[in-house]
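1. Give the three-dimensional model of this entry:
(one chain, ligands or ions: 1)
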Amino acid sequence: MYPYKPVDYFAIDELLSDEHKIIRSSIRDWVNRSVSPIIEQAAHEHKFPHYLLKEMGELGAFGPFIPEKYGGSGLDYISYGVIMTELERGDSGIRSAASVQTSLVMYPIFEFGSEEQKLKYLPKLAKGEIIGCFGLTEPNHGSDPGNMETRFVDAGDYYILNGAKMWITNSPIADIAVVWAKDEEGKVKGLIVEKGMEGFTAPETKGKWSLRASITGELVFDNVKVPKDHLLPNVKGLKGPLSCLNSARYGIAWGAIGAAMDCYNTALEYSLERKQFNKPIASFQLIQKKLAEFVTEITKAQLMAWRLGVLRNEGKATPAQISMAKRNNVNIALQIARESRQILGAMGITDDFPMMRHMMNLESVITYEGTHDIHLLITGNDITGISAFV
Ligand SMILES: Cc1cc2nc3c(=O)[nH]c(=O)nc-3n(C[C@H](O)[C@H](O)[C@H](O)COP(=O)(O)OP(=O)(O)OC[C@H]3O[C@@H](n4cnc5c(N)ncnc54)[C@H](O)[C@@H]3O)c2cc1C
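-> From the prediction side, this is the model:
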């Protein structure tokens, strides 16, 4: 492993404030200290290093844009972005944990929750004292969550929830789940389901070749009695979960750049050291083509993420712009992981270097929070006004 040298080919650092840089360096130091030394082993063992969650909470990696009143840091969206880049440089699974806690659990409680719900859950979620998960995907409904089958009915003093969610990041270790389900009128609403409620289980999904250092599972609801004050009162319809996904996808657009930079940096250093035909392999045109394309794509991704952050800070980033950035930046990261692995030849397949882990992780990242193709169709819909997917 080489010391990490981030890419800043277009002096994008000049666009960041001192506060952004301080946040970035504290997360970067933490990743160097706490993630990089253990992550290959965790991925081998298919184990989520969950003790890191508390440290991430203490660092301020959860809910950076949530107001301080509720335990967040009251920062802007560029701060959220730089945190995601640094975490994903360490591992997409570690970034996923922060994305879920921040954008898929804290965000809906902050945006759609009652004051009591905000005060009860947000400060603890911010500190990592409790962990949350987000249940939207079901065994029969991934890209089309609007057809979800999970239902709740009014039973007087409480609601009765039935159904199942699948592919839920952190579900087996979560203290609470923000669950999206349909009411008796077929309207999608959010419920906060707590661990220990009778009839609620969250079995782990094993055997993943991707995001092995992240824990994934199901959410199964068998006549779960959910108290009425656990309903998120201020949201109705699919726009609720979709706005959470927007926030998470925004973070992923920044995060994927971290994985791409780690792969590029490793390939560059290795190619300068490794000699074949009595020359460093970096001197060959085909290697330089790869490296030059990596740095070009990373720079384009950084510019897109930065501009998206400015728009999001101004409340102007559209879901379609976020889709485009998520799709593009994850795709370039995956291509860079694959191609940079080749620069290392056989050594690239070992766990001495991060490419295979990033590459396998990014296969999930390109699928979750809207697949690569669905995001393309969102752009198509936005520019033509015609939906090609519903
Ligand atoms: C590791 C991991 C963690 C995850 N974490 C969470 C989580 O925390 N919470 C959560 O709710 N979900 C989570 N997901 C689920 C994820 O969001 C879904 O996997 C994703 O939305 C795709 O759904 P699907 O897997 O059911 O694929 P499908 O929807 O079955 O799609 C299969 C293929 O068909 C294509 N396709 C589908 N519809 C169309 C169409 N109309 N036109 C063209 N092509 C189409 C897709 O692009 C894809 O290539 C996670 C997934 C993974 C892998």
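2. Using PDB, list the CA coordinates for stretch 154-167.
-> Output of stretch 154-167 as PDB, limited to C-alpha atoms (Å, rounded to 0.1, in the frame of the first residue of the first chain):
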ATOM      1  CA  ASP A 154     -55.000   1.000  11.800                       C
ATOM      2  CA  ALA A 155     -55.900  -1.200  14.700                       C
ATOM      3  CA  GLY A 156     -57.100   1.500  17.100                       C
ATOM      4  CA  ASP A 157     -54.300   2.200  19.600                       C
ATOM      5  CA  TYR A 158     -51.500   1.100  17.100                       C
ATOM      6  CA  TYR A 159     -50.800   0.100  13.600                       C
ATOM      7  CA  ILE A 160     -50.300  -3.500  12.500                       C
ATOM      8  CA  LEU A 161     -47.400  -3.900  10.000                       C
ATOM      9  CA  ASN A 162     -46.900  -6.900   7.700                       C
ATOM     10  CA  GLY A 163     -44.400  -7.500   4.900                       C
ATOM     11  CA  ALA A 164     -40.700  -7.900   4.200                       C
ATOM     12  CA  LYS A 165     -37.800  -5.800   3.000                       C
ATOM     13  CA  MET A 166     -34.600  -7.100   1.500                       C
ATOM     14  CA  TRP A 167     -31.100  -5.900   0.900                       C
END
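3. quick one: is it near the ligand?
-> Yes: on the criterion CB under 6 Å from any ligand atom, stretch 154-167 is in touch with the ligand at residue 167. Every C-beta, even on glycine, is put in place using the N, C-alpha and C of the backbone.
4. Up against the ligand, what does the stretch 251-390 of the chain have?
-> Residues of the stretch 251-390 of the chain lying near the ligand (CB under 6 Å from any ligand atom): 364, 367-369, 371, 373-374, 377, 389.
5. buried subset of those?
-> 364, 367-369, 374, 377 (16 or more other CB atoms under 10 Å).
6. Could you give the average pLDDT over stretch 359-378?
-> In this model, stretch 359-378 carries a mean pLDDT of 98.
7. Quick check: buried residues in the strand or helix carrying residue 42?
-> Per DSSP states H and E, residue 42 falls inside helix 36-45. Buried residues in helix 36-45, counted by 16+ other CB under 10 Å: 36, 38-40, 42-43.
8. Show me what it packs onto, helices and strands only.
-> helix 355-365 (3 or more CB pairs under 8 Å, 6 or more residues apart in numbering; DSSP states H and E).
9. the inter-axis angle of the helix it packs on versus helix 36-45?
-> Per axes from the mean of the first three to the mean of the last three CA atoms, to 10 degrees, the angle that helix 355-365 makes with helix 36-45 is 70 degrees.
10. for the residue nearest to residue 208 when sequence neighbours are not counted, what are its contacts?
-> Among residues not flanking residue 208 along the chain, residue 216 sits closest, at 6.5 Å (CB to CB, 6 or more residues apart in numbering). Contact partners of residue 216, counting by CB atoms under 8 Å, 6 or more residues apart in numbering, are 167-171, 204-205, 208.
11. Rebuild these as a markdown table, extending it with pLDDT, neighbour count and secondary structure.
-> Below are these laid out as a markdown table (pLDDT from 0 to 100; neighbours: other CB atoms under 10 Å; DSSP: H, G, I helix; E, B strand; the rest coil):
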| residue | pLDDT | neighbour count | secondary structure |
| --- | --- | --- | --- |
| 167 | 98 | 20 | strand |
| 168 | 98 | 24 | strand |
| 169 | 98 | 22 | strand |
| 170 | 98 | 26 | coil |
| 171 | 98 | 28 | helix |
| 204 | 98 | 13 | strand |
| 205 | 98 | 14 | coil |
| 208 | 98 | 17 | coil |
